[in-house]
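In: fold the following, please.
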Amino acid sequence: MSTTIYYFSGSGNSLFVAKELQQRIPDSDLIPMASLLSQEKIVTGTEVIGLVFPVHCTTLPVPVRQFLTRLEFTTAPYLFAVVTQGGAWPRLLEFHLETILKAKGVNLDAFFTIKMPWASPVGLMPVYIPGFIEYPKPEEKIAQMGSDALKKLDVIQDVILARDCTPADDFPRAIDLSFKHVVCKLMEPATSGLETTTIDFYADEDCTGCGICEEVCTSQKIKMVDGTPLWQDEVQCYFCYACFSFCPVQSILVRNIYTKKGERYFHPGITSAEIASQKDNGIPKL
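Out: Residues are numbered from 1 along each chain as shown. Here you go, the predicted model:
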């Protein structure tokens, strides 16, 4: 039974999870969502479909929303989602995801969250939510979260291979659905403006002009001009923070908000080339 896993990742957390799932699920393929966004319609017909991506400001990342609005199903697949999150409340995301899918006549069979280190520091989120992020991240804590993620993936693997629904003890659904609907609708205005939000990134005097920021920019917003990265106003940012996280000299900062160095995170098992490859076919360039 064929499986297609569509993913989006900025820090590498979600790509790590997607790669782990591909190894655990026979006859499965990985496809980056960003590589398909130039298409008006994205048609999929595999029997099992997985969605892997991070939480952005308690909801769906901009490119994931764009991907889902273009996605068309030729079959009624077994559909699962695995979301990486650093502490954000995922119920609003689940609500938005189910709403989009139900409008397409498809049900979400299983929904999982995996706690991973957060890549965007305090003050860098599109909407500031204090108290969720601890900096600096101790190496032992990152290692423990990675170990816990692998254990969670063991559970997820068993559920997917059995074509089961989300276990009740994995993602409690005790909240009354009508109450959840009301809460999510009240919170929606705070997260619906991601498409128009801007963050004033810039490169300081430490920039070496290496161009890694342009390579990893998942929205292709960054262009190198005379050896300096330029964030194009007319191109939408995906808030993936890949440019911020992967800069080898930590030159990329946020004007008047975040000008510190020494607090960066990307998944240790994922390279900048793998993040950059999402704009193509997901295969890193040699």
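In: quick one: low-confidence parts of the chain?
Out: For the chain, the stretches with pLDDT under 70 are 1, 87-89, 120-137, 167-197, 282-286.
In: mind listing the strands for it?
Out: Using DSSP state E, the strands of the chain run over 3-7, 28-32, 42-44, 48-54, 71-73, 78-85, 110-115, 201-203, 222-225, 228-231, 252-254.
In: all helices of the stretch 51-200 of the chain, in order?
Out: 62-70, 91-103, 139-162, 177-191 (DSSP state H, counting those that start in this stretch).
In: minimum distance to residue 267: which of these has it?
Out: helix 139-162 (8.3 Å; Cβ to Cβ). Every C-beta, even on glycine, is put in place using the N, C-alpha and C of the backbone.
In: quick check: angle from that closest one to strand 78-85?
Out: Orientation check (axes from the mean of the first three to the mean of the last three Cα atoms, to 10 degrees): helix 139-162 against strand 78-85 gives 170 degrees.
In: who are the packing partners of helix 139-162?
Out: helix 13-24, strand 78-85, strand 110-115 (3 or more Cβ pairs under 8 Å, 6 or more residues apart in numbering; DSSP states H and E).
In: residue 247: what's it in contact with?
Out: 203, 212, 213, 264 (Cβ atoms under 8 Å, 6 or more residues apart in numbering).
In: bridged to the first one, which residues?
Out: Counting by DSSP bridges, residue 203 is bridged to residue 252.
In: neighbours around it, how many?
Out: For residue 203, the neighbour count with other Cβ atoms under 10 Å is 20.
In: the last one too?
Out: In terms of burial, residue 264 registers 20 neighbours under the definition other Cβ under 10 Å.
In: what about it, distance to residue 13?
Out: The spacing between residue 264 and residue 13, counted by Cβ to Cβ, to the nearest Å, is 14 Å.
In: ditto for the first one
Out: Distance, residue 203 to residue 13, by Cβ to Cβ: 24 Å.
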